[in-house]
Each structure stands twice: as C-alpha cells, then as structure tokens.
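Visitor: pasting the structure only:
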C-alpha cells in the first residue's frame, strides 16, 4: 500500500500530463486608439523623396479705404507658410525558436500577428499623441501656467477652449445631430473633436450640460472611444493612453486632493482640435506590413534552422499644420 500514487508530486503546470492546457490565451487589456482622429493622411509617392511640404497662403488684410478715381491702390504682397514632415521607419519583431514551434500548443502565428498589430497601433497612437502635447494655444484650469494648475476640468475651461477655436475660425469636423423622438435624448451641435485621458473623462461626465453618447438623438457617426459631447459643440474621445505629465517639484503644483505623484498634481492634457489642424504622411505602397522570415531563411546566421521571426514595419510622419485650429486644456483629475 505504501507505493500507491495519491497525487502528482510535481506542483508546477509545466507537465502536460497533469495539466489542462487552455489554448484560449488570457485577454489583454487594450487602450482606445484616439489620437489620430481628425488627422488627414497623405501618401508620399515612392522614389519622390522623404519629405512632404504643405503650403498655406495667409489671408490678406481687408481693404477698407475707398479707391480714388484713376489711381490704383498699392496692392498687397502674398505671404506663405510652409510646414514639412519627414517620414521615418518604425518597426519591431518577435523571434520564436524551432523548439517552441514544434512542442507548444499555442497558435503562435495567429498570436504573433495579434500582438504585433496591437503594438503597432499603440505605437502610432502614442507618437501622434506626443506630437499634440505642448500646443501653442493652451487653456490652464484655474491657472496661467502648467505650474499653477491644481483644479479639475470645469465648465469655464470648456467655454474658453470653444470660444478660442471659434474666434480663430477653426472648422468643425462633425455636422449637427438633430433632435429625435426618443425620450431622454438631445441634439448634438456641430462639433470639434477633443482627445483626453479616461481620468478626465470621469470628471467631464459631471459637468453641467455634458451629454453622454447614450443621450444622443442618434448614434450615427459615433466613434469608438467617444464618451459624449459638450453642449457648445465639442465631442470627446477618451483613452487610458491620454497624455499625462506626472507631478514633480518645480514642474507642477503641490496638491493632494487630486491625482498626484508624491504630493504634486499630475497634469492632464485635453486636445481640442478643428478640421485640418494636422497632417500625417505614409509611404505609398508600404503603409504598414507584416514581415515574416520562416525557419531556414537565415542562411549562415542560422545554420540549423532554429529561429523564425515575424515583425512589422511602417513609414510615417506627422505634424501640426495649423496651430490656430487646436487648443490644449491642461487640468488635474479627481481622486
């Protein structure tokens, strides 16, 4: 009786004879990719260089002086503004050994494509987000600089941002969503897009006049990640990948009643943008692709066919075309 096996002595899950392997892998938490919304993308033709230039002729001063008979006015000289962006290559890869591919039950090709695709999406969302940070025109909640901000976003901040954009003739993205017959719904004004962190989105929901997407008169045109709209005409997209400046001495103000780092307020950026505020560039015919090198493709660098790789590569550039069409709100977020 002493030799009867009553349980496996190996307590790890490495032995498939004592474990049930679930091929449905644990789900990954992914952020909403919102920071390319509103960006007009232009393809750069192959073999045409690596830089794209946008040109804008500035408006002429109004001519309010009456003409004198038979005498021509002095006329105006055109002025132009050029904005350029130079593409660069981005990419990454995963390497698997032949032993892993031959012994493990995971569908590695499928999982690799998903992992790499998610990584590429998050990469460019962050690159575009960081380009918007530090806009020329900024509204500071309860302050005049980043260092003086200690309060969460409120009605006054939204009003100031909206008035700043309309005063600079920024074009709106979305048409009006007209009133419907559904109870508890309301129309949505023609709007700018705003991009923010989920922490700020929580505070926005408590502002008087903020309309949740569930309260729109129609769901037509609602984007993934959209949380609602301000009554003036700003529609908000939220992501856990919003732009946040961690609190630190000399950079942000001391505050412990809002989200903070070491007792200094974390500062959140909300980017409110109008149409044609920014441009993106990709290389025509090479707009993001999966690159696979199977076992045996490494030549003398892999003489025993022991490595396989799968990766992605994409050429991209991004720039702000018109600072007048964008307004940044810097604020704190509630605990």
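Guide: Received the coordinates, thanks. Every value quoted in this text rests on a predicted model; they were computed, and no experiment measured them.
Visitor: alpha carbons only for contacts and neighbour counts from here, please
Guide: Fine.
Visitor: Can you list the low-confidence ranges for the chain?
Guide: 1-29, 176-187, 286 (pLDDT under 70).
Visitor: what's the neighbour count on the closest residue to residue 307 other than its chain neighbours?
Guide: Nearest residue to residue 307, sequence neighbours excluded (CA to CA, 6 or more residues apart in numbering): residue 97, at 4.6 Å. By other CA atoms under 10 Å, 13 other residues sit near residue 97.
Visitor: Residue 35 too?
Guide: Counted by other CA under 10 Å, the residues lying close to residue 35 total 27.
Visitor: list the contacts for the residue nearest to residue 307?
Guide: 306, 307, 308 (CA atoms under 8 Å, 6 or more residues apart in numbering).
Visitor: Would you mind naming the helix or strand containing the last one?
Guide: Remark: residue 308 resides in strand 307-320, with elements defined by DSSP states H and E.
Visitor: Please name every helix or strand in contact with that strand.
Guide: strand 80-86, strand 88-97, helix 108-132, strand 278-283, strand 289-293 (3 or more CA pairs under 8 Å, 6 or more residues apart in numbering; DSSP states H and E).
Visitor: Same list, these, but as JSON lines with distance to residue 318 please.
Guide: Output for the helices and strands packed on strand 307-320, formatted as JSON lines (distance: least, CA to CA, whole Å):
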{"stretch": "strand 80-86", "distance to residue 318": "6"}
{"stretch": "strand 88-97", "distance to residue 318": "10"}
{"stretch": "helix 108-132", "distance to residue 318": "7"}
{"stretch": "strand 278-283", "distance to residue 318": "4"}
{"stretch": "strand 289-293", "distance to residue 318": "19"}
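Visitor: Return the most buried member of those.
Guide: Most buried of the helices and strands packed on strand 307-320 by mean neighbour count (mean count of other CA atoms under 10 Å) is strand 278-283; its value is a mean of 23.
Visitor: Okay, now the sheet partners of that one, with direction.
Guide: Using DSSP bridges, the strands paired with strand 278-283 are strand 40-44 (parallel), strand 307-320 (antiparallel).
Visitor: Find the centremost residue of this protein, please.
Guide: Centroid check for the chain by CA atoms, centre = their mean gives residue 35 as the closest residue, at 2.1 Å.
Visitor: Over to it. Which of the three states is it?
Guide: coil (DSSP: H, G, I helix; E, B strand; the rest coil).
Visitor: Dump the strands paired with strand 278-283 to CSV, plus mean neighbour count and distance to residue 149.
Guide: Output for the strands paired with strand 278-283, formatted as CSV (neighbours: other CA atoms under 10 Å; distance: least, CA to CA, whole Å):
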stretch, mean neighbour count, distance to residue 149
strand 40-44, 16, 32
strand 307-320, 20, 25
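Visitor: Any idea which of those strands gets closest to residue 162?
Guide: Among the strands paired with strand 278-283, the nearest to residue 162 by CA to CA is strand 307-320 (18.9 Å).
Visitor: between the next helix-or-strand element following that closest one and helix 108-132, how big is the angle?
Guide: As assigned by DSSP H and E, the chain's next helix or strand after strand 307-320 is strand 326-331. Here the directions of strand 326-331 and helix 108-132 differ by 90 degrees (axes from the mean of the first three to the mean of the last three CA atoms, to 10 degrees).
Visitor: just to revisit the earlier point, can you say which of the helices and strands packed on strand 307-320 is nearest to residue 253?
Guide: Smallest distance to residue 253 across those (CA to CA): 22.1 Å, for helix 108-132.
Visitor: contacts for the closest one?
Guide: So helix 108-132 is contacted by 31, 33-36, 91-94, 101, 241-243, 271, 290, 310-312, 318-320 (CA under 8 Å, 6+ apart).
Visitor: Starting from the helix or strand that it is followed by, tell me which strands it pairs with and how they run.
Guide: Beyond helix 108-132 on the C-terminal side, the first helix or strand identified by DSSP H and E is strand 138-140. Counting by DSSP bridges, the strands paired with strand 138-140 are strand 326-331 (parallel).
Visitor: quick one: the partner strand to chain centroid distance?
Guide: Mean C-alpha position of strand 326-331 versus that of the full chain (CA atoms, centre = their mean, to the nearest Å) differs by 15 Å.
Visitor: what's residue 92 in contact with, if anything?
Guide: 116, 311, 312, 313.
Visitor: no no, residue 78
Guide: Counting by CA under 8 Å, 6+ apart, residue 78 touches 57, 58, 60.
Visitor: any idea how far it lies from residue 55?
Guide: Going from residue 78 to residue 55 by CA to CA, to the nearest Å gives 12 Å.
Visitor: all strands of the stretch 151-300 of the chain, in order?
Guide: Listed in chain order, the strands of the stretch 151-300 of the chain (DSSP state E, counting those that start in this stretch) span 192-197, 211-212, 226-230, 234-239, 244-245, 260-261, 264-265, 267-273, 278-283, 289-293.
Visitor: Distance to residue 49 for the ones you listed - can I get that in JSON lines?
Guide: Formatted as JSON lines, those follow (distance: least, CA to CA, whole Å):
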{"stretch": "strand 192-197", "distance to residue 49": "32"}
{"stretch": "strand 211-212", "distance to residue 49": "46"}
{"stretch": "strand 226-230", "distance to residue 49": "37"}
{"stretch": "strand 234-239", "distance to residue 49": "35"}
{"stretch": "strand 244-245", "distance to residue 49": "35"}
{"stretch": "strand 260-261", "distance to residue 49": "45"}
{"stretch": "strand 264-265", "distance to residue 49": "45"}
{"stretch": "strand 267-273", "distance to residue 49": "30"}
{"stretch": "strand 278-283", "distance to residue 49": "10"}
{"stretch": "strand 289-293", "distance to residue 49": "20"}
